[in-house]
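S.K.: pasting the sequence and the predicted model now:
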Amino acid sequence: MLDKTLKQLSDGLAQGDFSSVELTTAYLDRIKQADSRYNAFITVTDDQALASAQSADATRANGQATALTGLPIAYKDIFCTAGVRTSCASKMLDNFVAPYESTATARLADAGMVMLGKTNMDEFAMGSSTESSYYGPTRNPWNLDAVPGGSSGGSAVAVAAQLAPAALGTDTGGSIRQPAAFCGITGLKPTYGRVSRWGMIAYGSSLDQAGPMTQTAEDAAMLLNSLAGFDAKDSTSMDRPVEDFMANLQQPIKGLRIGLPKEYFGDGLDPAIRVAVMDAVKQFEAMGAVVKEISLPRTELSIPAYYIIAPAEASTNLSRYDGVRYGHRCDAPTDLADMYMRSRAEGFGTEVKRRILVGTYALSAGYYEAYYRKAQQLRRLIKQDFQQALADVDVILGPTTPSPAWTIGAKQQDPVSMYLEDIYTLSVNLAGLPGLALPCGFQAGLPVGLQIIGNYFDESRLLNIGHQFQLATDWHTRKPEL
Amino acid sequence: MSLDRSQVENVARLARIKIDENEMADYVSSLSSILALVDQMQAIDTTNVEPLANPLDATQRLRADAVTEENQRELLQANAPHAEKGLFLVPKVIE
Amino acid sequence: MQWETVIGLEIHVQLSTQSKIFSGSSTAFGAEPNTQASVIDLALPGVLPVFNEQALAKAVAFGLAIDAEIGKRSVFDRKNYFYPDLPKGYQVTQMDFPIVGQGSVDITTEEGTNFTIGVTRAHLEEDAGKSLHEDFHGMTGIDLNRAGTPLLEIVSEPDIRTAKQAIAYLKKIHSIITYIGVSDGDMSQGSMRCDVNISLRPFGQAEFGTRTELKNLNSFKFIEKAIHTEVERQKDILEDGGRIIQETRLYDADKDETRPMRSKEFANDYRYFPEPDLLPIEIDDAYIAAIRATLPELPDTKVARFIADFGLTDYDAGVLTSSRPMANYFERVAEQCGDAKLAANWCMGDLSKLLNQQGLTIDNCPISPEDLGLLLARIKDQTISGNIAKTVFQAMSDAEGSADEIIAAKGLKQVTDSGAIAALVDQVIADNLDQFNAFKGGKDKLIGFFVGQVMKLSKGQANPAQVNEILQAKIKE
């Protein structure tokens, strides 16, 4: 049961092969038995899961079940889930029980899904390896000494290690796509504004998006159908009709115009990843796609632009963590200043503090023009690069990362070395475009992934391409030894 | 761009984060290397380029003026480190 | 050395919306602490702001009322600082692109001189919560009911030169905001708050001196006193050759002095940048026209009309237009009785006295304007005298009925029958022969005495003009 896709499980439930309670119990047992190896979960919501499963079975008995009814799922611990601890993997929120529900998880609950628990992540979503979590790192099931990627590492591992059939993550600079690639699963970052950010703890407000992390593109489409859509509570959520993202999965991709940015295939790219991605390109050509080289000239500048904009927004988004109304407060503060200074010093980990300080500096008097404003100008140029390219091609394709997963601890000395690994994913967030990561090979036993970038609101096309690729290849079916 | 210690102390004060003596050198060094990374931006000519705040260049929607929230004080103060008589307590503020 | 005082005012007006600027919590005054503070107002993790359309409408209405430029594209910014009554650690405000741009306001001081005071801008922002410092064993209690209430910050040009001008400007702003219904302007409840920036410079110098900012001024009286105190303080320092420190000072009403505010000691770097959770507000000419169409007649226009159409004096017109409900009341009375001057006198006199005595506002006045108008009509048509009318008015305020009903019930109709009056006059003359002879002999002042006696005898109901006439005739007999 635990190696089935969401679609297969949905069919199984519909056919009465098993009940939601049975399915949920199987996953809960597996988590209990195996998660100590991976540390993918921060909180497991056993009782709630079984209650939801029972309710789902009752709904099914009443003939009111829909595609997602009774299917289990895991949520990155960045989504506020009412009555359940929501920690953002930080000591600051270690004891925080969310008093309200995020829109993303509420919509999936309304669709009948069963929450298994909250998954591990980089603290406050700041990181690319899930090593900065207050609750310790999550381990890559393909190699327990390797990072799973981040910041949605726990969600990626939950799916890859069969602790959940699907999960939700969030992506600000690559945090869905990169761990998906490192763990050999599928991950979609939707267009900015496609999925509501209400209840999703903010890191980089103009960059953050929630998205599905699944075994297949088809599963991602199933979830997106319920996730996407206007939410009046989020001023940045776009009022666009939600199509059926599964409707076009079957379309052949003959004639599809794919652009390969030359900047994505330079010297920094690991040779094995290059081979895997080019093999995938040949596969697309065999399916009738037309491939050409394009240019995204400001690709490298996405790194400095992102590492100013995201920390700047984060530095103010995290000002609310002051020990006054919730969250960690230091012991015996001598006065107000002491309370702020020590609560925040104790509550936040090192990487979070670094980014808050960088962000604060970038916005401070005398530096705003040179840093924040400059970065926003670059952002417009990067967006223009994409618009220009997408005038000539339908989608852009490349590797998700320049290297495969590194060893846990290897990049702790120099944070900048980790930032450089984000080069292919950051600009997609800066421009607000949708991006889909698909497994396409291996390097020394570790998965590697390709990324397809589409135009605004073109998720249907991306998922169609992903589905067609997954019909023709079997990378997405490979499982690590468990 | 290299930062010196006093600049880091200043920023830490603005951000209300206490940095211990034994951590200071690390923060000075890591912040300096991050800022060295972002200094690459300075080489690019961005004259007359309009900054991009929202990726979709959209405009603000308006909400009807109506009271839609009710009193949830007990629930919302359940996470409070220190609350009394319905108020959040903090060390005394001197004006 | 002659010093010129330069004053600029920053007025924070709470907009009278039902809900807060970015959340659906109520803005009602006086609720139990933190019972009107939602997840958004408490800045819980993951919350997002959504902008109240009435806050926009009221801001634009104010801008139109002061003939200001309206910002067709305005942007919200984050102003970053830490304070326990500021839950997000930043205030959402408008920095570079405010909703209202340059405008102006005409004022007339107590002394009767006219000035035009420039308004630099007005922008939308959110209010902070409240800190309560007593009764918590050395701690401060934070109430976030007020956090998120919409504010319009109105910034004047440094055009004000005296405390009187400052008060006149404040009163004018108060009058405008209450007229157009964007705020109840209640200073005691904090709906209108004023910070004063003061600097001195030698007369003739173009450069501004160093200014201080005065806060915590919650009445017109305190504002006037604080300005005087601070000007004296600065003058003393400058004349001793010292320098003014740019700082924020609080006014201590008990000691009538200003002192520096401690919590503002660290120079604040607010690190303004555009608020990423809110998008730029764009409005078009059609929207602005629609708001303009909802504006009522503004105070200045109404004053001019009252003077032109009703022949009122400047002063009377000013008093009667001080509030829109009073102005409306007066107009209806004037319409009903056909005599604007009479209506003006009664509204400013007996009516205002009645309201004051009973602690009422014009909105809950026990006498409707039509009923008052009918009473005044009875004076005009000589059914009763002005004096008797006061008695009837009192009875009307006690809900004894309409003017006509009370006149009938109490038999207060003025006596106009000359025969009857002549009889009364004869009686009074007979009772006061010595005085009558003196009156006949030339002591004209005694007319007052005789009229008074006749009125008394008639219980106030004789027509005083006729009494006069008949008395004069009797002298000649």
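M.R.: Thanks, I have the structure now.
S.K.: in which helix or strand does C:Ile107 reside?
M.R.: Using DSSP states H and E, C:Ile107 sits in strand C:103-108.
S.K.: so which elements touch that strand?
M.R.: In terms of contacts (3 or more Cβ pairs under 8 Å, 6 or more residues apart in numbering or on different chains; DSSP states H and E), strand C:103-108 is packed against strand C:114-126, helix C:163-179. Just so you know, the C-beta spots here come from the backbone N, C-alpha and C atoms, and that holds for glycine as well.
S.K.: which residues are contacting it?
M.R.: C:63, C:66-69, C:114-119, C:122, C:156, C:165, C:168-169, C:171-173, C:176, C:300, C:318 (Cβ atoms under 8 Å, 6 or more residues apart in numbering or on different chains).
S.K.: for chain B, what lies in contact range of chain C?
M.R.: B:13-14, B:16, B:53-54, B:58-69, B:71-73, B:76-77, B:82, B:84-95 (Cβ under 8 Å from any Cβ of the partner chain).
S.K.: give me the subset of these that lies in strands.
M.R.: B:62-63, B:84, B:87-91 (DSSP state E).
S.K.: ChimeraX command for the buried members of these?
M.R.: Entered in ChimeraX, the line below selects the buried ones among these, by 16 or more other Cβ atoms under 10 Å in any protein chain shown:
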select /B:62,63,87,88,89,90,91
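S.K.: need the ones in strands among the residues of chain B next to chain C in a markdown table with distance to chain A and pLDDT, can you?
M.R.: Listed next are those as a markdown table, based on distance: Cβ to the nearest Cβ, whole Å; pLDDT from 0 to 100:
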| residue | distance to chain A | pLDDT |
| --- | --- | --- |
| B:Leu62 | 10 | 97 |
| B:Arg63 | 7 | 97 |
| B:Glu84 | 13 | 94 |
| B:Leu87 | 11 | 96 |
| B:Phe88 | 5 | 97 |
| B:Leu89 | 9 | 96 |
| B:Val90 | 6 | 96 |
| B:Pro91 | 5 | 94 |
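S.K.: pLDDT score assigned to residue 22?
M.R.: Going with chain A. According to the prediction, A:Glu22 has pLDDT 98.
S.K.: wait, chain B was what I had in mind.
M.R.: 95.
S.K.: doesn't it fall inside a helix?
M.R.: Yes - assessed by DSSP: H, G, I helix; E, B strand; the rest coil, B:Asn22 belongs to a helix.
S.K.: phi, psi for the nearest residue to A:Gly12 once chain neighbours are set aside please.
M.R.: Residue nearest to A:Gly12 in three dimensions, not counting chain neighbours: A:Phe18, with 6.0 Å by Cβ to Cβ, 6 or more residues apart in numbering or on different chains. When read as degrees, to the nearest 10, the backbone of A:Phe18 gives phi -160, psi 170.
S.K.: ok, A:Phe18 to chain C distance?
M.R.: 35 Å (Cβ to the nearest Cβ, to the nearest Å).
S.K.: ok, now A:Ala89?
M.R.: 13 Å.
S.K.: what sits against that residue?
M.R.: Contacts of A:Ala89 by Cβ under 8 Å, 6+ apart are A:42, A:77, A:120-124, A:132-135.
S.K.: mind checking the SS state of it?
M.R.: Recorded secondary structure, A:Ala89: coil (three-state DSSP).
S.K.: picking up where we left off before, for the helices and strands packed on strand C:103-108, which one ends up most surrounded?
M.R.: helix C:163-179 (a mean of 22; mean count of other Cβ atoms under 10 Å in any protein chain shown).
S.K.: ok, and the closest non-adjacent residue to the residue in chain B positioned nearest to chain A?
M.R.: Closest contact between chain B and chain A, by Cβ to the nearest Cβ, is at B:Pro55 (2.5 Å). In this structure, B:Pro55 finds its nearest non-sequential neighbour in A:Gly432, 2.5 Å apart by Cβ to Cβ, 6+ apart.
S.K.: and the one you found, how far is that from chain C?
M.R.: Distance from A:Gly432 to chain C, by Cβ to the nearest Cβ: 12 Å.
S.K.: that residue against A:Thr191, yeah?
M.R.: Yes - the criterion here is Cβ atoms under 8 Å, and A:Gly432 meets it with A:Thr191 at 6.3 Å.
S.K.: write out the residues of the stretch 51-200 of chain A neighbouring chain C.
M.R.: So the stretch 51-200 of chain A meets chain C at A:79-80, A:86, A:88, A:93, A:96, A:98-100, A:102, A:197-200 (Cβ under 8 Å from any Cβ).
S.K.: low-confidence ranges, the chain, go.
M.R.: By default, I'm working from chain A. Under the criterion pLDDT under 70, no range of chain A is flagged.
S.K.: try again with chain C
M.R.: In chain C (pLDDT under 70), the answer is C:262-267.
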